[in-house]
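Participant: Give the three-dimensional model of this entry:
(chains A and B)
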Amino acid sequence: MAGTIIGEGITIEGELSSDEDVVVRGHVRGKLIAKEGVVVEAGATVEADVSGGTMTVAGSITGNVNSTDRVDLQSGAKLVGNVKAARITIADGAQFKGSVDMDV
Amino acid sequence: MAKLERPRSSTQSSDESRIDATATVRGRVRGDGDLVVLGTVEGDISIGGSLTVGEGARIVTKGPVEADEIEIAGALEAEVSAKGRVRILRGGKLRGNVTGTGNFVLEEGADFAGHLAADFALPPELTAESEKRRR
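Facilitator: Numbers count the residues shown, from 1 in each chain, chains lettered A, B, ... in the order given. Here you go, the predicted model:
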């Protein structure tokens, strides 16, 4: 599996961009730009505006999320920010504060 | 044989980080865990773990790059400090000063420009020689 992985103990302060998948298990503060999927795992924190393809969130995001595909907030996820995506799911047990723009 | 293969669990490399070949980080990377850079990092790095600068990777900063161990097959331009070994492989490039390490390896075909400040344990015959000379 290719792609970028930010491990549990690692913090990135600044801008992270990738043409491949990005998996965050640690912390990203700044800006996150992916062309493919973004996974924010449980325990991870992202304090950044996030853009990318399919987004799977089980951790915490503070920032605006912009997806070219879909956003899935899983149980335990916490998102404070606005979401722009064609499709969005919010699971039971996910926390969300912000607006949704489904671009219709 | 097949049953000896371990399943690759998702937790297998939870403390390893990777910046893929298409990725760019503009900013600081810090924390604990191993880091493999295959893309570009423009900024300081300070990690408790090993740092691998892969082939084709580029790390550029005016500040420090600190790790337990550093292996360089790509290009690194920084003030480098490591607790353990610093190793520049064939095709690897290091521009900048190196401090802290007691184990510096420069392979044939590697490129290094900078100052190297390392603590060496002198072999006993050398220390005896210098003792004599001092007398």
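
Participant: any low-confidence regions in chain A?
Facilitator: Residue ranges of chain A with pLDDT under 70: A:1, A:104.

Participant: ok, the closest residue to chain B within chain A to B:Glu55 distance?
Facilitator: Chain B sits closest to A:Gly14 of chain A, with a gap of 1.2 Å, by CB to the nearest CB. Where you see a C-beta, it was placed from the backbone N, CA and C, and this is true even at glycine. Going from A:Gly14 to B:Glu55 by CB to CB, to the nearest Å gives 24 Å.

Participant: B:Glu125: neighbouring residues, count only.
Facilitator: Residues near B:Glu125, counting by other CB atoms under 10 Å in any protein chain shown, number 7.

Participant: list the contacts for it?
Facilitator: For B:Glu125, no contacting residues are found, by CB atoms under 8 Å, 6 or more residues apart in numbering or on different chains.

Participant: In terms of helices and strands, where is it?
Facilitator: Applying DSSP states H and E as the criterion places B:Glu125 in helix B:124-134.

Participant: Neighbour count: A:Gly14 and B:Glu55, which is higher?
Facilitator: A:Gly14 (19 against 14).

Participant: Spit out the contact partners of the residue lying closest to that one once chain neighbours are set aside.
Facilitator: Spatially, and ignoring its direct neighbours in sequence, A:Gly14 is nearest to B:Gly27 (1.2 Å; CB to CB, 6 or more residues apart in numbering or on different chains). Neighbouring residues of B:Gly27 by CB under 8 Å, 6+ apart: A:12-16, A:30, B:42-43.

Participant: Please repeat the previous calculation with a cut-off of 6 Å.
Facilitator: Neighbouring residues of B:Gly27 by CB atoms under 6 Å, 6 or more residues apart in numbering or on different chains: A:13-15, A:30, B:43.
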